[in-house]
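Peer 1: here is my input, please return the structure:
(one chain, ligands or ions: 1)
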Amino acid sequence: MNPDINKLQSYPFEKLATLLHGILPPAGLPAVNLAIGEPKHTPPAFIAEEIITHLHGLGHYPATRGSDALRLVIADWLQRRYTLPLMPDPEQQILPVNGTREALFAIAQATVDRNKQPLIMMPNPFYQIYEGAALLAGAEPYYLNTTAATGWLPDFDAVPEAAWQRCQMIYLCTPANPTGVVMGDAQLATLIQLAERYDFIIAADECYAEIYLDEQEPPPGLLQAAIAIGNTSFRRCLVFHSLSKRSSVHGLRSGFVAGDTQLIKNFLQYRTYHGCAMAPYVQAASTVAWNDESHVRDNRRRYREKFAAVCDILTPTLDVSIPAASFYLWTATPGDDTLFARELYARQNITVLPGSYLSRTCQDCNPGHHHVRIALVAGLDECTRAAKQIRDYVTSL
Ligand SMILES: Cc1ncc(COP(=O)(O)O)c(C=O)c1O
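Peer 2: Numbers count the residues shown, from 1 in each chain. Here you go, the predicted model:
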């Protein structure tokens, strides 16, 4: 066996299952799961219809680089979404992937040079795939603490020179899971300059980019920031996007990676061997999904409605505020976060995710401690009812 497999931590939801094992919540209270970030809004019918229409394509091997139509629609979407002065090259700068998770993992395997004491940076708290990808690529994960004091953003000034010199890749998560914080253009530009100076890749996980609060202020992206500082070829920059949150079709397994031509070329070669071409009917469904905005606007409206209702109920019992983006509430807990989550489940049958399951202790600080992530994925009524129960639970402490 690959000994690095033993370095992988159990997934946050396995830890949660262990934490809650054996507890019998009150039978009269219906269960509400606000722990898993799994959208529950009904997927748009036109996406499902497109799958059905294209099922006859099962008799063909799909190309790893995807259909011309899909890559063109993605390039066009990127240009529209980020008001780019030029369209990314659909031939050389776009690759469809089977959801961002597999691509975020695979990119480390495809790019890391194991012979140079590689280090991969990532925010802390973080999406655990980044850490697993680093470990299995033979790199050392380097955690960038994000705390209330840093506005839940990484502080690049605090990173020592020696770490930058070993850095081969950095994962960004913007908008961030679990905090919903968005990285601004200026910080993105600073990071691109650091990547130039120290020669590392920026892998920006932008899978929550389409779930934002203010319709007039969509979160900025890495490609946009690159162009703004004259890096028009997206050198060292890759963005990862998904239909999972945008269109509530996480079962479809569809996303894309875009950016630096050379990196995309090498990644395509890696993926050809890996054997992860997207099924033809998924490509067809993805093409229509990236081409439609009205269902996404409706999706955002529904999350906005839930945030407003839930924050109204939880304020001032908990310190909550509506995040700039994502569908998570990230809130401080009175006392230990695992105890909070366990007792909330035991007394109210509501599941939330302890923040410490999403973070590591680094420089004597575990930024997830004393926080929980509440995913507003259930329907409005369920979320509202759950918020009242959380409020009652906290009041009773
Ligand atoms: C930060 C982050 N990145 C990536 C993913 C993976 O999403 P998908 O593979 O469905 O695109 C998730 C899923 O929850 C996530 O929270």
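
Peer 1: can you get me a residue count around Asn291?
Peer 2: For Asn291, the neighbour count with other CB atoms under 10 Å is 12. The C-beta positions use only the backbone N, C-alpha and C, and glycine is treated the same way.

Peer 1: one more: Asp76?
Peer 2: 15.

Peer 1: isn't there a strand covering it?
Peer 2: No: Asp76 is assigned helix when assessed by DSSP: H, G, I helix; E, B strand; the rest coil, not a strand.

Peer 1: residues touching it, list them.
Peer 2: By CB atoms under 8 Å, 6 or more residues apart in numbering, the contact set of Asp76 is Met87.

Peer 1: got the confidence number for it?
Peer 2: Here the pLDDT value assigned to Asp76 is 98.

Peer 1: can you tell me how far it is from the ligand?
Peer 2: According to CB to the nearest ligand atom, to the nearest Å, Asp76 and the ligand sit 20 Å apart.

Peer 1: please renumber the chain so that the first residue is 777 from this point on.
Peer 2: Sure thing, new numbering starts at 777, so read that last one as Asp852.

Peer 1: next one: that residue from Pro994, what distance?
Peer 2: Plainly put, Asp852 is 16 Å away from Pro994 if you go by CB to CB, to the nearest Å.

Peer 1: ditto for Ala1001
Peer 2: 14 Å.

Peer 1: what about those two, which has more around it?
Peer 2: Ala1001 (24 against 16).

Peer 1: which SSE is immediately downstream of the lengthiest helix in the chain?
Peer 2: Counting residues, the longest helix found in the chain (DSSP state H) is helix 1070-1090. As assigned by DSSP states H and E, the chain's next helix or strand after helix 1070-1090 is strand 1104-1108.

Peer 1: show me what contacts His1145?
Peer 2: Counted by CB under 8 Å, 6+ apart, His1145 has contacts Asp1112, Asp1113, Gly1131, Ser1132, Ser1135.

Peer 1: need the buried ones from those selected in PyMOL.
Peer 2: Buried residues within those, by 16 or more other CB atoms under 10 Å, are selected in PyMOL with:
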select buried, resi 1113+1131+1132+1135
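
Peer 1: any chance of the contacts of His1145 in JSON lines, with distance to the ligand too?
Peer 2: Shown next, in JSON lines, are the contacts of His1145 (distance: CB to the nearest ligand atom, whole Å):
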{"residue": "Asp1112", "distance to the ligand": "24"}
{"residue": "Asp1113", "distance to the ligand": "18"}
{"residue": "Gly1131", "distance to the ligand": "14"}
{"residue": "Ser1132", "distance to the ligand": "17"}
{"residue": "Ser1135", "distance to the ligand": "13"}
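
Peer 1: so how many other residues sit close to Lys1041?
Peer 2: 13.

Peer 1: identify the spatial nearest neighbour of it, chain neighbours not counted.
Peer 2: Gln868 (7.0 Å; CB to CB, 6 or more residues apart in numbering).

Peer 1: repeat for Pro994
Peer 2: Nearest non-adjacent residue to Pro994, counting by CB to CB, 6+ apart: Tyr988, 5.7 Å away.

Peer 1: you'd agree Ala979 is up against Leu1014?
Peer 2: Yes: contact criterion CB atoms under 8 Å: Ala979 and Leu1014 qualify, at 5.2 Å.

Peer 1: shared neighbours of the two, anything?
Peer 2: With CB under 8 Å, 6+ apart, Ala979 and Leu1014 have common neighbours Ile883.

Peer 1: what sits opposite whichever residue of the stretch 1027-1173 of the chain sits closest to the ligand in the beta ladder?
Peer 2: Residue of the stretch 1027-1173 of the chain nearest the ligand, by CB to the nearest ligand atom: Gly1031 (4.7 Å). Beta bridges link Gly1031 to Val873, Ser1018, judged by DSSP bridges.

Peer 1: measure it to Glu991 for me?
Peer 2: 23 Å.

Peer 1: what parts of the stretch 977-1126 of the chain come near the ligand?
Peer 2: Within the stretch 977-1126 of the chain, the positions lying close to the ligand (CB under 6 Å from any ligand atom) are Asp981, Cys983, Ser1018, Ser1020, His1026, Gly1031.

Peer 1: make a markdown table out of the residues you listed and add neighbour count.
Peer 2: Shown next, in a markdown table, are these (neighbours: other CB atoms under 10 Å):
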| residue | neighbour count |
| --- | --- |
| Asp981 | 29 |
| Cys983 | 28 |
| Ser1018 | 26 |
| Ser1020 | 22 |
| His1026 | 17 |
| Gly1031 | 27 |
